[in-house]
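Engineer: One predicted model, sequence on top.
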Number of protein chains: 2
Amino acid sequence: MNEDAPGREADEGETAAAGRFVDNYLPYLLAQASSRVSREFHREVEAAGLSVTEWRVLASLEGSDGESIGVLSQLTLTKQPTLSKVVLRMEANDIVARTRVRSDRRQTVVRITRKGNRLTEALRARALAHQQRILAPFGPDNAEKLISMLRALLALHPPEEGGGEESPFD
Amino acid sequence: MNEDAPGREADEGETAAAGRFVDNYLPYLLAQASSRVSREFHREVEAAGLSVTEWRVLASLEGSDGESIGVLSQLTLTKQPTLSKVVLRMEANDIVARTRVRSDRRQTVVRITRKGNRLTEALRARALAHQQRILAPFGPDNAEKLISMLRALLALHPPEEGGGEESPFD
DNA sequence: ATCATTTCCATGAAATTTCATCTTTTTGTT
DNA sequence: AACAAAAAGATGAAATTTCATGGAAATGAT
């Protein structure tokens, strides 16, 4: 750390030692970027009366006509037992519906309800607006480049077998 | 480099509905990328006898000569009370040292110890190797571009005031 | 067919995290 | 100078997550 200097640094995080290991470390950069970008949208999610995980579930279900608990668990980066419980609560609130799959009755398919859809309609619009605001400073080309590189990265690194967790940076 | 040629379908997560909302949603892409890239390195961290958070603390301290609990909390995306407890345990294990700052005795500075350094030396090398493996498929130019865009993103979005949390994708 | 194995999800107990609060020290105000 | 307000970190109680397991169904082998 920078000792003496009473004023310390300016900001809070980017400030300190410039030659820090993590500043050149991709997992760190991804984790920070993810965390900061996401956090900015939290207030809007909570203002809509949803928990963060609930929003993630709903966003994941959007455009799909139902996902199993297992897939949802990967999409939302939430471990299966945690997700099961969240979905249970959401079903109680009539935001999603759970049904057994006919062809494989072990599976539980989760679908968004009309109420759930109404609830998230506005939120999805805000989410996209948020994304625009984030990408705008980069210009269309760079923005597109960033997105496609992230997609390529995902393609090269398949999701993990057993459910998902959160994302630290190692 | 664009598109995602490799892997095809049959995977696990990328499979289903192609037109899912989240597939075009930056916060989702960042969270997934972060999660997958990080998780690959977990085994190595645990093999070294460290918890993930402990590794994050040590990696954050590398190249710095000490950070306050508050800054560490941001760097590691861990809330302050959680981090305080982790650091306490690490001090007990003689991996880090905690000292009161002379100029502001409210602050606690955390420094890596020699033992901590020995412990993470090999791990940091492995971490960089891991990063190389991840970036290699993109080629040097694209890799550099990705890194610098992430850095720019961070510069535009300062860390949050009160400690850090994990990073979902909203 | 039968039985062993694997997969998917639910669930309770245990572990971890988070919130709220407290203490100590610094900063700002009058 | 005195006192109020703010900031940093520690800590215990409460809430959440995670692990381990269980039941039910599908898959595979003999």
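Structural biologist: Received, thanks. Residues are numbered from 1 along each chain as shown, chains lettered A, B, ... in the order given.

Engineer: Close to DNA strand D: what parts of chain A are there?
Structural biologist: A:53, A:78-79, A:81-82, A:85-86, A:103-106, A:165-166 (C-beta under 7 Å from any atom of the strand). Backbone N, C-alpha and C define where each C-beta goes, glycine included.

Engineer: List the ones among these that fall in helices.
Structural biologist: The helices, defined by DSSP state H, take in A:T53, A:P81, A:T82, A:K85, A:V86 from the residues of chain A next to DNA strand D.

Engineer: Quick check: pLDDT value at the last one.
Structural biologist: In other words, A:V86. Looking at A:V86, its pLDDT is 98.

Engineer: buried set for stretch A:81-94?
Structural biologist: A:L83, A:V86, A:V87, A:M90 (16 or more other C-beta atoms under 10 Å in any protein chain shown).

Engineer: quick revisit: between the residues of chain A next to DNA strand D, which sits nearest chain B?
Structural biologist: Chain B has its nearest neighbour among the residues of chain A next to DNA strand D in A:E166, at 3.9 Å by C-beta to the nearest C-beta.

Engineer: hang on, the earlier thing: farthest-separated two in the residues of chain A next to DNA strand D?
Structural biologist: A:S103 and A:E166 (32.3 Å; C-beta to C-beta).

Engineer: which of the two has more neighbours?
Structural biologist: For the pair A:S103 and A:E166, the greater number of neighbours falls to A:E166 (21 against 5), based on other C-beta atoms under 10 Å in any protein chain shown.

Engineer: pLDDT at that one, what is it?
Structural biologist: Taking A:E166 on its own, its pLDDT is 63.

Engineer: returning to what we had before: could you dump the buried residues of stretch A:81-94 into TSV and include distance to A:R36?
Structural biologist: Putting the buried residues of stretch A:81-94 into TSV (distance: C-beta to C-beta, whole Å) gives the following:
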residue	distance to A:R36
A:L83	24
A:V86	24
A:V87	28
A:M90	27
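
Engineer: Return only those of those found close to DNA strand C.
Structural biologist: Counting by C-beta under 7 Å from any atom of the strand, the members of those near DNA strand C are A:V87.
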